[in-house]
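>>> Give me a model of this one.
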Amino acid sequence: MKAILPLPSGGFGLTEVSPPEIGPGEILVEMRACGLCGTDLAKLAHPEAAAGVRLGHELAGVVRAAGSGVTRFAVGDRVTAAHHVPCGACWACRHGNESMCPQFKTTQIDPCGFAELIRIPRLHTEQVTFRLPEGLSFEEASFAEPLACAVRAIDRSQALPGDRIAVVGGGGMGILIAQALLARGADPIVVDIAHTRLSLATALGVRTVINPARDDLGRTLAGLTDGAGVDGAILTVVNGRILKDIQAWVRSGGRINVFAGAADGPDLSVDFLDLYHREVAVFSTYSSGPATLADAFALLASGRVRVGPLISHRLPLSAFDEGVRLQRGGQATKVVFHP
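Purely as a prediction, here's the structure:
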């Protein structure tokens, strides 16, 4: 079978390998759709560190074999599955930081999501695999994991119905976050400099979009909130200027969720005196867990979050490099690969 795997010479490429063998409690899934994620791009940016790295975790497909003891799924079932499973009992899990669980990253699908056949281990089969209902396509189901990351970001942001939350960055993840906020009853304000992204956000139900290259962002946010500032912000694009500006534009008691790595280096400045006096919280969200995966899958299955319009390119695994180039260059909102 074919899979995108680390190459002996460094980096990743399409490789011919033997299909994985499944054991008790496991299932073998024939991949029908797998999305390209920003974390995949980050891993691809360091070809010298490719050894042992696995790409592709936004997957959906058909069960082709089921190991002994599997009762939830049968051959022919259409499913989606996530790539990491927390233990549910450690300090991190008990405090709501499941993605920091020591077990979390040690669990993985085999060999990767960008493969014709994928082994779903027992823990994944039991906790983070879902059967697709009629009417939900493989491509739509492949968004379950990234949407779960959006749902968890909203949970950690403590967004309530009616809250006005600035979503900085209107790419694929920003629009998923905005739609999940709408489903929660909150009012997202999408901020981006690309007209096409803002138009897509509007088409998917976002009432307020701002282009800071055209409009004064601080003045616009102040006008929208009677000078109080937004109730919170979720940053899918991060640099020193954005963090400084958002801190000034979030209301006292507001929360700033750092949802991405900083584009201009790891060391960014914050005004700690302001954080203290105004009780502004700055925190981060990384990945998702079983509960948010279930919530996200329900949003997809019910149609409350629409993901089809986000897919800009559909490519075979043989065109993997092209898909990476398109998404990295900003020419693609979302690339989905098929076998």
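>>> how is the chain carved up into domains?
2-147+287-338, 158-284 (automatic domain parsing).
>>> will you turn those domains into a markdown table that also has mean pLDDT and mean neighbour count?
From N, CA and C alone the C-beta is placed, and that goes for glycine too. Listed next are the domains of the chain as a markdown table, based on pLDDT from 0 to 100; neighbours: other CB atoms under 10 Å:
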| stretch | mean pLDDT | mean neighbour count |
| --- | --- | --- |
| domain 2-147+287-338 | 97 | 19 |
| domain 158-284 | 96 | 18 |
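>>> which residue is nearest the centroid of the protein?
Pro146 (2.6 Å; CA atoms, centre = their mean).
>>> packing partners for the helix or strand containing that one?
Assigned by DSSP states H and E, Pro146 belongs to helix 144-156. For helix 144-156, the packing partners by 3 or more CB pairs under 8 Å, 6 or more residues apart in numbering; DSSP states H and E come out as strand 58-66, helix 172-184, helix 290-302.
>>> Relative to Leu275, which of the ones you listed is closest?
helix 172-184 (22.9 Å; CB to CB).
>>> Touching the closest one from outside, list them.
Outside helix 172-184, the residues that touch it by CB atoms under 8 Å, 6 or more residues apart in numbering are 38, 143, 146-147, 149-151, 153-154, 159-161, 165, 167-168, 170, 187-188, 190, 192, 197, 200-201, 204-206, 234, 236-237, 259-260, 296, 299, 304-307, 310, 333-334.
>>> Can I get the very next helix or strand once past that helix in CSV, CA atoms only?
Using DSSP H and E, the helix or strand that follows helix 172-184 in sequence is strand 187-191. Extracted as CSV, the C-alpha positions of strand 187-191 are listed here (Å, rounded to 0.1, in the frame of the first residue of the first chain):
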residue,chain,number,x,y,z
ASP,A,187,-21.0,36.2,18.6
PRO,A,188,-17.6,35.8,16.8
ILE,A,189,-15.8,38.8,15.2
VAL,A,190,-13.4,37.4,12.5
VAL,A,191,-10.3,39.5,11.9
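>>> quick one, whichever helix or strand comes after strand 187-191 and helix 172-184 angle?
Once the chain leaves strand 187-191, the next helix or strand it forms, by DSSP H and E, is helix 195-203. For helix 195-203 against helix 172-184, the angle by axes from the mean of the first three to the mean of the last three CA atoms, to 10 degrees is 20 degrees.
>>> Mind giving me the packing neighbours of helix 195-203?
helix 172-184, strand 187-191, strand 208-210.
>>> same thing but at 7 Å, please
helix 172-184, strand 208-210 (3 or more CB pairs under 7 Å, 6 or more residues apart in numbering; DSSP states H and E).
>>> List of residues touching it?
Helix 195-203 is contacted from outside by 170-171, 175, 178, 190, 192, 209, 211, 309, using CB atoms under 7 Å, 6 or more residues apart in numbering.
>>> do that again at 6 Å, thanks
Around helix 195-203, the neighbours that count as contacts under CB atoms under 6 Å, 6 or more residues apart in numbering are 170, 175, 178, 190, 192, 209.
>>> tell me how far it is from the chain's mean position?
19 Å (CA atoms, centre = their mean, to the nearest Å).
>>> if I look at the most far-flung residue of the chain relative to its centre, how far off is Leu243?
What lies farthest from the middle of the chain is His277; by CA atoms, centre = their mean that is 33.1 Å. The spacing between His277 and Leu243, counted by CB to CB, to the nearest Å, is 18 Å.
>>> Looks like Lys64 contacts Glu26 (just checking).
Lys isn't right for residue 64; it's Arg. No. Between Arg64 and Glu26 there is no contact under CB atoms under 6 Å: 11.9 Å.
>>> Please name the nearest non-neighbouring residue to Glu16.
Nearest in space to Glu16, with sequence neighbours left out and distances taken as CB to CB, 6 or more residues apart in numbering, is Lys2 at 6.1 Å.
>>> Next up, phi/psi of the one you found, please.
phi -100, psi 140 (degrees, to the nearest 10).
>>> got a list of what it touches?
14, 116, 317.
>>> how about 8 Å then?
14-17, 115-116, 317-318, 339.
>>> ok, and the closest residue to Trp249 other than its chain neighbours, which helix or strand is that part of?
Distance criterion CB to CB, 6+ apart; nearest residue to Trp249, sequence neighbours excluded, is Leu221 at 4.9 Å. Assigned by DSSP H and E, Leu221 belongs to helix 217-224.
>>> Ala42: what's it in contact with?
Taking CB under 8 Å, 6+ apart as the test, what Ala42 contacts is Gly261.
>>> Check the secondary structure at it for me.
helix (DSSP: H, G, I helix; E, B strand; the rest coil).
>>> measure it to Val191 for me?
Ala42 is 22 Å from Val191, by CB to CB.
>>> coming back round to it: turn the contacts of Lys2 into TSV, including distance to Glu139 and secondary structure.
Conversion of the contacts of Lys2 to TSV gives the following (distance: CB to CB, whole Å; DSSP: H, G, I helix; E, B strand; the rest coil):
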residue	distance to Glu139	secondary structure
Leu14	21	strand
Thr15	24	strand
Glu16	25	strand
Val17	25	coil
Ala115	17	strand
Glu116	17	coil
Leu317	15	helix
Ser318	18	helix
Pro339	13	coil
